[in-house]
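Trainee: Pasted the sequence and its predicted model underneath.
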Amino acid sequence: MTKYFDIATNNIEELVEVGSLFKIVVRGYSMLPLLGFGRDTIILRRIDTLEDITNRIAMFRSDKGRIVVHRVISVDGDMVSLRGDGNLYQVERIARKDVIAVLESVIRESGKEVSCTTPQWHSKERVWLSLPLWIRRYTLALLRRWCEFRDK
């Protein structure tokens, strides 16, 4: 049986062993529309430094010490480039050692768990990422406004 850990983000690196699964609630909108839209809880798996993470959604600690979850867009030696699906232009570059975990599944607000390793999930990712930037920009603007309205 797989154990899930609900983790406070202060010391994730020390608390969770490589290979262990843990849950965190998504707070921001940088991964819209796939994550965060319905106050999702994500299940991540702690990784080792040799695992291939290209095109995966990964959790890392930013240079300001914050925990961030974004998509890995490239790995170049010891450097990793990441961008949120809801961020059209901003790319972050971090050291490979700062990547903590990769996304395994999402628990939607309804309680339904969705695996992020299935062909259905990957097709949703491909569709969103293949849309022209202007369509993504307007879609994101509408989604953010709807989220702000819903949360009032």
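Mentor: Cool, the structure landed.

Trainee: Tell me which helix or strand Trp146 sits in.
Mentor: Assigned by DSSP states H and E, Trp146 belongs to helix 133-150.

Trainee: ok, now Tyr89?
Mentor: Per DSSP H and E, there is no helix or strand for Tyr89.

Trainee: related to what we said a few turns ago, could you give me the average pLDDT of the helix holding Trp146?
Mentor: Throughout helix 133-150, pLDDT has a mean value of 89.

Trainee: Now do that helix: which elements does it pack against?
Mentor: Counting contacts by 3 or more C-beta pairs under 8 Å, 6 or more residues apart in numbering; DSSP states H and E, helix 133-150 packs against no other helix or strand. All C-beta atoms are positioned from the backbone trio N, CA, C, and that covers glycine.

Trainee: which residues make contact with it from outside it?
Mentor: Here helix 133-150 makes contact (C-beta atoms under 8 Å, 6 or more residues apart in numbering) with Tyr29, Leu32, Pro33, Phe37, Gly86, Leu88, Trp128, Leu131.

Trainee: for the first one, helix, strand, or coil?
Mentor: In this case it means Tyr29. At Tyr29 the chain is in coil, as set by DSSP: H, G, I helix; E, B strand; the rest coil.

Trainee: ok, now the third one?
Mentor: Applying three-state DSSP to Pro33 yields a three-state assignment of coil.

Trainee: list the contacts for it?
Mentor: Asp85, Gly86, Trp128, Thr139, Leu140, Leu143 are the contacts of Pro33 under C-beta under 8 Å, 6+ apart.

Trainee: Tell me which residues touch the second one, please.
Mentor: Shown here is Gly86, whose contacts under the criterion C-beta under 8 Å, 6+ apart are Tyr29, Ser30, Met31, Leu32, Pro33, Gly36, Leu140.

Trainee: Fine by me, we can end here.
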